[in-house]
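Chemist: This is a predicted model, with the sequence first.
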Amino acid sequence: MSVLVTGATGKVGQRLVPRLLQWTGGGGVRLLVRDAERAAPFARLGAEVVVGDLRDPGDRRKALAGARDVVHVAASFRGVPDEEAYAVNRDATLALGEQAAAEGVRRFVFTSTNLVYGAGRGRPAVETDEPRADGMLTGAYPRAKTEAEHGLLAMQREGGLDVRVARLAFVYGEGDPHIEEALPLMQGFAAHQRLQMVHHADVGQALWRVLRAPDAAGRVYNVADDAPVSVLELLQLTGAQIPEGMAERASDDPWHGVVSNRRLRDELGFRPLYPSLWTARDAGAL
């Protein structure tokens, strides 16, 4: 196996790559990174490092040469200008897909977000729901991811590139500061507003399953644990201060971001190692 991973030094990528190296036997993993020093630990484990920028056509071509599969994790997330969010999450993604098809890549796994669903539907969102990227957490990031999904899946239908989409819930664990970084955004939420979570260990096993599945071309999978957690519980578990009046607030959309992982379970045998935030807490894996 020769698999190219983008975003290897980001929050998801740096926790995914060691697992891929273990599952592939310590070889056959190539990384496209901007900083070789940050990728040095992976090189020592056997990964091939290509230094370049996802937005550069020549760098993409160099990284894709001879690659059999792509796991596209790179993303520009919170706190960046809208222009950058679109340039990385949509434009560079679609360009990578086009070049991957031209290079004869076998499978292309795209990591998207559950935020593409937008406003809740009165139930957990499923993969056949049309992405709207609206609602309480809308913005350039989910809109760019939605457009990238549409473009890649069109390549699947029209050009034959084997695209698989993994929509990740709120990723946490293994020293990731994601929860702490998001706490300021939660100060205005209702105490009972729920968040759909997924631990890094389960992101890793889900992406591995999506990559290896023989019949997943064109399929979309929600990657999430089994039990959404309330904002109040998350604040309590992290020792954060509970904002005054939070318990009295009403939630405009209690289903926003809540998704079903049933397709991933039924089709690919996914079973979360950490079915809930509480499970991770009890295991000391927060």
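Modeler: Nice, I can see it.
Chemist: Give me the pLDDT for the closest residue to Gly7 other than its chain neighbours.
Modeler: Sequence neighbours aside, Ala74 is the residue nearest to Gly7 in space, at 3.1 Å (criterion: CB to CB, 6 or more residues apart in numbering). Backbone N, C-alpha and C define where each C-beta goes, glycine included. Looking at Ala74, its pLDDT is 97.
Chemist: With Gly284 instead?
Modeler: The predicted structure lists Gly284 with a pLDDT of 94.
Chemist: Name the SS class of it, please.
Modeler: Here Gly284 is recorded as coil under DSSP: H, G, I helix; E, B strand; the rest coil.
Chemist: List the buried residues for stretch 279-286?
Modeler: By neighbour count on 16 or more other CB atoms under 10 Å, the buried set for stretch 279-286 is Thr279, Ala280, Ala285, Leu286.
Chemist: Is it correct that the second one is in contact with Pro272?
Modeler: Read it as Ala280. No - counting by CB atoms under 8 Å, Ala280 stays clear of Pro272, with 9.7 Å between them.
Chemist: what mean pLDDT would you report for stretch 38-58?
Modeler: 97.
Chemist: if I look at Ala280 and Pro272, which residues touch both of them?
Modeler: His199 (CB atoms under 8 Å, 6 or more residues apart in numbering).
Chemist: quick one: the closest residue in space to Gly122 that isn't next to it in sequence and Arg167, what's the gap?
Modeler: Among residues not flanking Gly122 along the chain, Trp255 sits closest, at 6.0 Å (CB to CB, 6+ apart). Separation of Trp255 from Arg167 (CB to CB, to the nearest Å): 15 Å.
Chemist: between these two, who's got more neighbours?
Modeler: Per other CB atoms under 10 Å, whichever of Trp255 and Arg167 has more neighbours is Arg167, with 24 against 19.
Chemist: wait, is Phe108 part of a strand?
Modeler: Yes - according to three-state DSSP, Phe108 belongs to a strand.
Chemist: just to revisit the earlier point, in a helix, that's where the residue nearest to Gly7 is, yeah?
Modeler: No - Ala74 is assigned coil when assessed by three-state DSSP, not a helix.
Chemist: Pull out the buried positions in stretch 107-119.
Modeler: 107-119.
Chemist: can you check stretch 177-186 too?
Modeler: Here stretch 177-186 shows His178, Ile179, Met186 as buried, counting by 16+ other CB under 10 Å.
Chemist: And stretch 246-266, end to end?
Modeler: Chord length of stretch 246-266, first to last residue, is 37 Å (CA to CA, to the nearest Å).
Chemist: hang on, the earlier thing: is the residue nearest to Gly7 in contact with Ala63, as I believe?
Modeler: No - with contact defined as CB under 8 Å, Ala74 does not reach Ala63; the gap is 10.9 Å.
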